[in-house]
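>>> please work out how this folds:
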Amino acid sequence: MEKFNSEFENDLHIKKKELISICNQIVQKDLVSGTWGNVSCKIDENYIIITPSAVSYDKLDEESISLVNIKTLEFSGKKPSTELNLHLAIYQKRNDVNAIIHTHSLYASIFAATHKTLKPMLEEIAQICGPVIKCTKYAIAGSQLLVEKTLSVIKDSNAAFLANHGAIACGRTLNEALVCAIILEKGCKIYCESKKISKIKYLSNKEAKMLYQFYREKYQKKPY
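So this is what the prediction gives:
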């Protein structure tokens, strides 16, 4: 791994601290447990940081976070998550995404287990997660097939369900990705609870797309 200038090292330090904070929050909010799930963010156009493979969240420190060269796949720190290729593929496909959180939360996992689509019932789901949240067809975790299937369903949204596995949430910042993961879990729970009461009244596709676009234009963030 090459040597970096002081500005890059400072940015890296800040981002690692932020990533560890986000990891602590997703554990506290029951979005992950043990070593399940993973979190990454872009440092710049050449590097990302990502949680390491098989390290529990309470053991994370700056030295263990993996710094990965996007082009060469060289890394420093511990071995990157087994879902590294999925993260890199999303960053390559979506230049509006700068942070990714992969969760195994209860209600999102229910959608993953049943291969369901989450339609926009609430404005916040459409604004943060996207007009419609689709589920991939099944593919083994860490495989290239899962990468391909995920890219096919996350084209116009910030989240997707990974069949029989979990969910993925994206954002322009780590905080936005966290909000997306939280709102996705909330939306799945609301769906399950609402079905017990009555038929759900969805927003129209036109309304959902308008809300998604409005949020992205009104709340534009600095990429890194």
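>>> residue contacts, the residue nearest to residue 63 when sequence neighbours are not counted?
Of all residues not flanking residue 63 in the chain, residue 77 sits nearest, at 6.4 Å (C-beta to C-beta, 6 or more residues apart in numbering). Every residue, glycine included, has its C-beta placed from N, CA and C. Contact criterion C-beta atoms under 8 Å, 6 or more residues apart in numbering gives 52, 63, 64, 65, 66, 67 as the residues in contact with residue 77.
>>> any chance of the residues you listed in a markdown table, with pLDDT and secondary structure too?
Converted to a markdown table, these look like this (pLDDT from 0 to 100; DSSP: H, G, I helix; E, B strand; the rest coil):
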| residue | pLDDT | secondary structure |
| --- | --- | --- |
| 52 | 95 | strand |
| 63 | 94 | coil |
| 64 | 94 | coil |
| 65 | 97 | coil |
| 66 | 97 | strand |
| 67 | 97 | strand |
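>>> just the buried subset of these, please.
Buried members of these, scored by 16 or more other C-beta atoms under 10 Å, are 52, 65, 66, 67.
>>> the last one reaches residue 52, doesn't it?
No: the pair residue 67 and residue 52 fails to qualify as a contact (C-beta atoms under 8 Å) at a distance of 10.7 Å.
>>> low-confidence regions, this protein specifically.
1-2, 220-224 (pLDDT under 70).
>>> quick one: the strands in it, in order.
With strands called from DSSP state E, the chain shows them at 38-42, 47-50, 66-69, 75-76, 99-103, 159-162, 166-171.
>>> who does the first one touch, helix- and strand-wise?
Under the contact criterion of 3 or more C-beta pairs under 8 Å, 6 or more residues apart in numbering; DSSP states H and E, strand 38-42 touches helix 6-28, strand 47-50, helix 84-93, strand 99-103, helix 174-194.
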